[in-house]
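Colleague: I would like to see how this sequence folds:
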Amino acid sequence: MNRKSLVIGLALCCMLILSGGKINAASIPPGAPSATLLVSGLEGGSGSTIGPDGALYVPETIAGRISRVDPKTGTVTTFASGLPKQLVAVGIGGVMDVAFIGKTAYALVTLVGSDWGGSDIVGIYRVDGPHSFTVIADIGQWSIDHAPPGYPVGYDTATGVQYAMQPYRGGFLVNDAHHNRVLKVGLDGSITQLIQFADIVPTGLALRGNRIYVAEAGPIPHLPQNGKIVSFEEKSPTATQVASGAPLLVDVEFGLGHSLYGLSQGPHTINVGEGTPADPDSGSLVKVNSDGTFTVIADRLNLPTSMEFIGNTAYVVTLTGEIWKIDGVSGPPHGTSH
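Modeller: Numbers count the residues shown, from 1 in each chain. Just a heads-up that it's a prediction; the model follows:
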C-alpha cells in the first residue's frame with residue numbers, strides 16, 4: 001500500500017461497502033432511542049478516552065489540543081494545548097489519541113516527522129501542564145530503526161502511522177496502522193513489538209483481562225469481509241478472529257455487561273476516487289454476536305472515528321468535530337435518526 005493510499009485513506013476513513021458483509025441489520029423496534037448531538041465545532045476528531053474524573057477527553061488534531069467534555073452537558077474546555085498540529089499536506093495526524101495512567105494524561109502524536117516535512121517527534125507525550133509536555137517515547141525513530149520486513153530504507157512514512165493507544169501494564173499498547181503491528185511502550189521509553197500482522201491496517205484497541213482486541217480496517221479497498229475484530233495475548237505470535245463483516249472498522253470497545261462493539265464508518269459510493277470520504281451519515285455502531293457476526297445497533301452516523309462507553313451510553317466522536325450521544329446501547333438493535 002503506498003503512502004497516499006494509506007494515509008489519506010485513514011484520514012478520511014473511506015472506500016468501504018456495507019453490502020455483501022455479515023452485518024445483520026435488524027428491523028427498527030418502536031420507541032428506539034435516537035442519537036443526540038452533544039458537541040459540535042471541534043477542530044478535527046480522532047481518538048478519545050474517559051478520564052479519571054469521568055469526563056470525556058478528545059484530541060483535536062487540527063488545533064493540536066486535547067479538550068475535556070462534560071458527558072452530561074456537553075460543555076467543552078481546553079485541557080491541554082500546544083501539541084503538534086496536523087500537517088496541512090497530510091490531512092491526518094498530530095495528536096491522534098489520549099489516555100490516562102492514574103491522573104496523568106498522555107498523548108499519541110503521529111505523522112509530524114521529517115518523513116512528511118514536519119519537525120516534531122512522533123511518539124507519546126506526557127502532559128505536564130496545560131501548555132507543557134515531555135516526550136517519553138520516540139516511536140518514530142524506533143520505527144525507522146525497526147522497519148518491518150519488506151520495507152526499503154528511506155521509504156515514505158518510515159515513522160509509521162500510530163493510530164490508537166491503550167494503557168497496558170504500566171505503559172501503553174500502540175497500534176501502527178501503516179506498519180501493521182502492535183507495540184508495547186513503557187514509560188521509560190522502551191518499545192517492543194508484540195505482534196506483526198499482514199496488510200490488515202489495525203486501528204482501534206481494547207483490553208479485557210490478558211487479551212488484547214484489535215479492530216482491522218482491512219487493506220484498500222476495505223472490503224466488508226476484511227473488516228474484523230481479532231484478539232491475542234502478549235506471548236502469542238498470532239491473533240484469533242472474533243468477528244468479521246463490518247467494513248473499515250475504526251474502533252473497538254467493551255460496553256455494559258462486557259458486550260463487545262465495533263465502529264464502522266459507512267459505505268463509499270458517492271465519491272469513489274482515492275482518498276475521498278465515505279458517504280455522509282452512513283457510519284454504524286455494531287455489536288459482536290456470539291457467532292462472530294455483527295449486528296447494527298446505531299446507523300446513519302457521520303464519519304465516526306472513535307467511541308467510548310459510560311454505563312449504557314455510547315459517545316461517538318466524528319472526523320468532522322462532533323460528538324454524538326447514543327443512549328440505551330445494550331437494548332435491542334435499532335436505527336437512529338438525527
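Colleague: How about R300, nearest residue that isn't a chain neighbour?
Modeller: With CB to CB, 6 or more residues apart in numbering as the criterion, R300 has its nearest non-adjacent residue at 4.7 Å, and that residue is D281. Yep, even glycine has a C-beta here, placed from its N, CA and C like the rest.
Colleague: confidence score at the one you found?
Modeller: With respect to pLDDT, D281 scores 81.
Colleague: got it, and G51?
Modeller: 98.
Colleague: Wasn't the residue nearest to R300 part of a strand?
Modeller: No - counting by DSSP: H, G, I helix; E, B strand; the rest coil, D281 is not found in a strand; it is coil.
Colleague: my read: it touches A298, true?
Modeller: No - in this structure, D281 is not within contact of A298 by CB atoms under 8 Å, at 11.7 Å.
Colleague: Have a look at the two and say which one is more surrounded.
Modeller: Neighbours were counted for D281 and for A298 using other CB atoms under 10 Å; A298 has more, 28 against 13.
Colleague: Okay, and that one sits in which element?
Modeller: If you go by DSSP states H and E, A298 is part of strand 294-301.
Colleague: Distance of the residue found closest to T110 once you drop the neighbours it is linked to in the chain relative to I121?
Modeller: For T110, ignoring the flanking residues on the chain, the nearest one in space by CB to CB, 6+ apart is Q162 at 4.2 Å. Using CB to CB, to the nearest Å, we find Q162 at a distance of 12 Å from I121.
Colleague: Pull the number of nearby residues for the closest residue to L249 other than its chain neighbours.
Modeller: In this structure, L249 finds its nearest non-sequential neighbour in A215, 4.0 Å apart by CB to CB, 6+ apart. When counting by other CB under 10 Å, one arrives at 28 neighbours for A215.
Colleague: got it, and the one 3 residues further on?
Modeller: G218 sits with 22 neighbouring residues when counted by other CB under 10 Å.
Colleague: and what of D327?
Modeller: Other residues close to D327 by other CB under 10 Å number 13.
Colleague: Repeat that for E253.
Modeller: When neighbours are defined as other CB under 10 Å, E253 has 21 of them.
Colleague: Pull up the gap between it and P71, please.
Modeller: According to CB to CB, E253 and P71 sit 15 Å apart.
Colleague: now D115
Modeller: D115 sits 37 Å away from P71, going by CB to CB.
Colleague: shaky segments in the stretch 1-150 of the chain?
Modeller: The stretch 1-150 of the chain contains residues with pLDDT under 70 at 1-33.
Colleague: Which stretches in it count as strands?
Modeller: For the stretch 1-150 of the chain, applying DSSP state E, counting those that start in this stretch gives strands covering 35-39, 49-50, 56-60, 65-69, 76-81, 94-101, 104-110, 123-129, 132-137.
Colleague: of all those, which gets the most neighbours per residue?
Modeller: By mean neighbour count, with neighbours taken as mean count of other CB atoms under 10 Å, strand 56-60 ranks first of those at a mean of 27.
Colleague: Distance from that strand to the middle of the chain?
Modeller: Averaged C-alpha coordinates place strand 56-60 at 12 Å from its chain's average position (CA atoms, centre = their mean, to the nearest Å).
Colleague: next one: stretch 299-319
Modeller: With CA atoms, centre = their mean as the basis, stretch 299-319 stands 11 Å off its chain's centre.
Colleague: and it, how far apart are its ends?
Modeller: Start-to-end span of stretch 299-319 (CA to CA, to the nearest Å) is 16 Å.
Colleague: Ok, stretch 148-168 next?
Modeller: Stretch 148-168 has an end-to-end distance of 23 Å (CA to CA).
Colleague: for stretch 223-235, same thing?
Modeller: Stretch 223-235 end-to-end distance (CA to CA) = 30 Å.
Colleague: same check, this time on stretch 78-94
Modeller: Stretch 78-94: ends 16 Å apart by CA to CA.
Colleague: Which positions within it qualify as buried?
Modeller: Buried residues in stretch 78-94, defined by neighbour count with 16 or more other CB atoms under 10 Å: 79-80, 83-87, 90-94.
Colleague: Same question for stretch 208-217.
Modeller: Neighbour counts over stretch 208-217 (16+ other CB under 10 Å) mark 212-217 as buried.
Colleague: May I see those residues organised as a markdown table, with secondary structure and distance to T318 added?
Modeller: What follows is those, written out as a markdown table (DSSP: H, G, I helix; E, B strand; the rest coil; distance: CB to CB, whole Å):
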| residue | secondary structure | distance to T318 |
| --- | --- | --- |
| I212 | strand | 26 |
| Y213 | strand | 22 |
| V214 | strand | 22 |
| A215 | strand | 16 |
| E216 | strand | 21 |
| A217 | coil | 16 |
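Colleague: List just the nearest of the residues you listed to D291.
Modeller: Comparing the buried residues of stretch 208-217 against D291 with CB to CB picks out Y213 as the nearest, at 17.4 Å.
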